[in-house]
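Participant: Structure here, sequence nowhere to be found:
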């Protein structure tokens with residue numbers, strides 16, 4: 001059983017949505033971020049970065065900074081750049097890229113189901129980061145970036161999504177400079193209960209992206225429950241539910257920083273004990289599961305594990321990312337990816353030529369390139385209550401912040 005909750009979204013007025021909604025602030029270069037804030041008075045970035053351009057700033061991730069975020073958020077409400085629904089609603093969002101179309105429903109995900117492991121996780125969270133997000137939510141009182149949750153394909157939900165598309169024109173329809181088309185529908189009232197019933201028939205759902213966001217929302221709920229504070233809407237967290245087959249799962253590459261006394265030939269000798277190494281005439285990504293390609297000293301190689309090295313029955317030890325961590329990165333004295341400063345992760349949508357240049361310019365010693373996992377592997381790990389290595393998946397769609405905002409303090 002999976003519960004979804006309608007909520008009274010705070011959202012941009014229709015004529016300004018394309019100006020308000022934004023990519024996460026960390027995806028912009030600093031100069032681009034400053035230019036967008038200077039040129040666009042309506043962007044949500046004014047709320048997220050209330051002091052950008054100031055000569056003197058409060059401490060990052062401090063209560064003082066969070067209070068400034070709240071102040072800017074209230075200004076957007078007072079100016080009616082953002083408005084709030086009078087009644088709880090569900091929302092259908094469709095994102096169309098040059099290569100993919102993603103459709104799903106935006107709703108409140110149930111905190112208790114998270115605690116009961118009906119919303120399953122596959123990635124560990126960092127305690128400090130989770131605590132920071134929890135404090136942020138408690139102070140600012142809203143959640144603007146949905147957690148991406150996957151569900152197994154369901155024909156009933158497909159039919160309800162199609163019925164929503166045909167019911168009326170989208171409330172929002174706009175394109176962004178990254179060639180993505182965004183459409184959002186307010187689900188008609190008569191379809192609310194059918195959507196709720198369809199999700200209740202699902203045994204479980206899986207967090208695809210947003211483990212820290214969901215964990216911090218749950219931490220805030222537990223904090224408010226234990227101190228007998230008003231819960232408001234904190235018993236749910238903002239989520240975008242998409243069927244598994246629609247997700248686009250890419251890999252994260254691992255680039256190792258320069259190591260003292262690194263010897264490529266010695267490394268190849270040690271690695272050759274674990275599998276078969278082949279020289280490549282040019283750059284390429286792996287072509288199949290359990291193949292890894294790597295680049296060092298101006299040379300490309302393909303590596304395929306010996307069968308004896310692969311524990312095919314184990315949810316995590318059968319993953320290339322885990323085997324690379326345990327069996328190969330240890331050769332560089334790298335033991336824990338959560339704390340190591342010697343590895344940097346790059347998502348699979350960055351061209352190989354860019355990463356090759358990073359290594360050639362001596363920013364890194366060697367780069368390892370993985371084959372992407374499929375969602376059945378993610379599900380296997382989550383169902384076993386285990387966790388994948390850090391940065392095992394780069395999953396699309398990536399949503400714009402600010403299309404729908406969950407007011408955590410709203411009593412509804």
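Facilitator: Structure received. Quantities reported herein were computed from a predicted structural model and do not represent experimental measurements.

Participant: just checking, next helix/strand downstream of the longest strand belonging to the chain?
Facilitator: Selection of the longest strand in the chain by residue count, based on DSSP state E, yields strand 101-110. Downstream of strand 101-110, the first helix or strand assigned by DSSP states H and E is helix 111-115.

Participant: Need the contact partners of that following helix.
Facilitator: 1-3, 119, 214, 217-218, 221, 234-237 (Cβ atoms under 8 Å, 6 or more residues apart in numbering). Every C-beta, even on glycine, is put in place using the N, C-alpha and C of the backbone.

Participant: and if you look at stretch 298-308?
Facilitator: By Cβ under 8 Å, 6+ apart, the surrounding residues in contact with stretch 298-308 are 264, 268, 271, 274-284, 286, 290-295, 320, 323, 360.

Participant: List the buried residues in the lowest-mean-pLDDT helix or strand in the chain.
Facilitator: Sorting the helices and strands of the chain by mean pLDDT, DSSP states H and E puts helix 30-39 at the bottom, at a mean of 87. Buried residues in helix 30-39, counted by 16 or more other Cβ atoms under 10 Å: 33, 36-37.

Participant: so what's residue 8 up against?
Facilitator: Going by Cβ under 8 Å, 6+ apart, residue 8 touches 84-89, 407, 410, 412.

Participant: out of those residues, which are inside strands?
Facilitator: 84, 407.

Participant: any low-confidence regions in the stretch 51-200 of the chain?
Facilitator: Under the criterion pLDDT under 70, no range of the stretch 51-200 of the chain is flagged.

Participant: Packing partners of the longest strand of the chain?
Facilitator: For strand 101-110, the packing partners by 3 or more Cβ pairs under 8 Å, 6 or more residues apart in numbering; DSSP states H and E come out as strand 4-5, strand 91-96, helix 155-167, strand 236-243.

Participant: buried residues in it?
Facilitator: Across strand 101-110, burial judged by 16+ other Cβ under 10 Å covers 102-110.

Participant: same question, stretch 342-357
Facilitator: Buried residues in stretch 342-357 (16+ other Cβ under 10 Å): 342-344, 346, 348, 352, 355.

Participant: sec struct for residue 64, please.
Facilitator: Here residue 64 is recorded as helix under DSSP: H, G, I helix; E, B strand; the rest coil.

Participant: where does residue 167 sit relative to residue 301, distance-wise?
Facilitator: Residue 167 is 54 Å from residue 301, where distance means Cβ to Cβ, to the nearest Å.

Participant: For the two, work out which one has more neighbours and name it.
Facilitator: residue 301 (17 against 14; other Cβ atoms under 10 Å).

Participant: Give the helix, strand or coil label for that one.
Facilitator: Looking at residue 301 with three-state DSSP, the answer is strand.

Participant: go on, residue 16?
Facilitator: Here residue 16 is helix, with the state taken from three-state DSSP.

Participant: what number of residues lie near the closest residue to residue 320 other than its chain neighbours?
Facilitator: Residue nearest to residue 320 in three dimensions, not counting chain neighbours: residue 370, with 5.2 Å by Cβ to Cβ, 6 or more residues apart in numbering. The number of residues packed near residue 370 is 24, by other Cβ under 10 Å.

Participant: go on, residue 53?
Facilitator: Neighbourhood size, residue 53 [other Cβ under 10 Å]: 10.

Participant: For it, what are phi and psi?
Facilitator: Main-chain torsions, residue 53, degrees, to the nearest 10: phi 90, psi -10.

Participant: Helices of the stretch 101-250 of the chain, residue ranges please.
Facilitator: Secondary structure of the stretch 101-250 of the chain (DSSP state H, counting those that start in this stretch): helices located at 111-115, 127-140, 155-167, 189-200, 211-226.

Participant: The last one versus strand 236-243: what angle between them?
Facilitator: The one in question is helix 211-226. 150 degrees (axes from the mean of the first three to the mean of the last three Cα atoms, to 10 degrees).

Participant: domains for the chain, by residue range?
Facilitator: Here the domain parsing of the chain from automatic domain parsing is 4-247+397-407, 251-392.

Participant: Show me which of the contacts of residue 8 are buried.
Facilitator: Buried among those (16+ other Cβ under 10 Å): 85, 88-89, 407, 410.

Participant: Closest to residue 24 out of the residues you listed?
Facilitator: Nearest to residue 24 among the buried ones among the contacts of residue 8: residue 407, at 20.2 Å, using Cβ to Cβ.

Participant: what sits against that closest one?
Facilitator: Contacts were defined as Cβ under 8 Å, 6+ apart; by that measure residue 407 touches 7-8, 10, 84, 141-142, 232-233.

Participant: what about 7 Å?
Facilitator: Shown in contact with residue 407 (Cβ atoms under 7 Å, 6 or more residues apart in numbering): 8, 10, 84, 141-142, 233.

Participant: Between all of the residues you listed, which two are at the greatest distance?
Facilitator: Farthest-apart pair in these is 8 and 141; separation 13.4 Å (Cβ to Cβ).

Participant: Which members of the buried residues of stretch 342-357 occur in strands, if any?
Facilitator: Going by DSSP E, the strands hold 343-344, 346 from these.

Participant: that older thread, show me what the longest strand of the chain pairs with in its sheet, parallel or antiparallel.
Facilitator: With DSSP bridges as the test, strand 101-110 is paired with strand 4-5 (antiparallel), strand 91-96 (antiparallel), strand 236-243 (antiparallel).

Participant: Of the ones you listed, which is nearest residue 73?
Facilitator: Distance to residue 73, taken as Cβ to Cβ, is lowest for strand 236-243 among the strands paired with strand 101-110, at 14.9 Å.
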